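Q: Next come a sequence and a model predicted from it.
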Amino acid sequence: MAELATIARPYAEALFKACVDKGADLNSTVAWVEELAAIAANPQLRQLADNPNVSDAQVFDLVTGVAKSALPESARNFLHVVLENGRLDVLPEVAAQFRSLVNSKSGSSDAVVYSAFPIEDAALAELGATLEKRFGRKLNLTVKLDESLIGGVRVVVGDEVLDTSVKARLEQMKAALTA
């Protein structure tokens, strides 16, 4: 949603600038931002946060209590600002934009590899090296299972898609035969 992206951008950029200025570890910041985003994405939490009888402090205590790791002071301050401005619902988009800024700084991109079957570590490393040559940049691979592919892989890097799945090949054959 464009509106969420517009609202989230200043938060992501301010957090990124603060981390760079302080020399903070960007990877650990990505970890806690994504953790907060996952918690904020919970529909029950959003419903609670939207309740006028529930204070920002109560929502803050709930979120920090649910967090798996102890949040650093910068995370707690960031969460306070987000809650005070009533922007809990944009945290997932803030996390996505922050990760994008971190990737831009490091010259890498996130890539999702959809596979019909689990991929062993050695095969994933080999696939990663091949994909990095193909896309011309360092890739942070995430594997997701999609049994509808039948075989092969489908790789999504930003707005680029490389589909070598059996399903895609069958669809290409079908199109060629019906044309």
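A: All right, it came through fine.
Q: can we go C-alpha only for contacts and neighbour counts from here?
A: Will do.
Q: Quick one: distance of the longest helix anywhere in the chain to the chain centre.
A: The single longest helix within the chain, with elements called by DSSP state H, is helix 2-22. In terms of Cα atoms, centre = their mean, to the nearest Å, the centre of helix 2-22 is set 15 Å apart from its chain centre.
Q: Output the contacting helices and strands for it.
A: Here helix 2-22 is seen to pack against helix 26-40, helix 91-106 when contacts are counted using 3 or more Cα pairs under 8 Å, 6 or more residues apart in numbering; DSSP states H and E.
Q: for the record, mean pLDDT for it?
A: For helix 2-22, the mean per-residue pLDDT is 92.
Q: Same question for stretch 28-40.
A: Throughout stretch 28-40, pLDDT has a mean value of 95.
Q: Sketch out the low-pLDDT regions of the protein for me.
A: For the chain, the stretches with pLDDT under 70 are 1-2.
Q: mind checking how far the residue minimising distance to the centre of it is from Arg9?
A: Centre of the chain computed as the mean C-alpha position; nearest residue by Cα atoms, centre = their mean is Ala96, 4.8 Å away. Ala96 sits at a distance of 10 Å from Arg9 (criterion: Cα to Cα, to the nearest Å).
Q: Endpoints of stretch 59-74, how far apart?
A: One end of stretch 59-74 to the other measures 17 Å (Cα to Cα).
Q: which residues are contacting that stretch?
A: Residues outside stretch 59-74 that contact it (Cα atoms under 8 Å, 6 or more residues apart in numbering): Trp32, Glu35, Leu36, Ile39, Ala40, Leu48, Ala49, Arg76, Leu79, His80, Leu83.
Q: Run through the residues that contact the last one.
A: Just to be clear, that refers to Leu83. Residues in contact with Leu83 (Cα under 8 Å, 6+ apart) are Asp56, Val59, Phe60.
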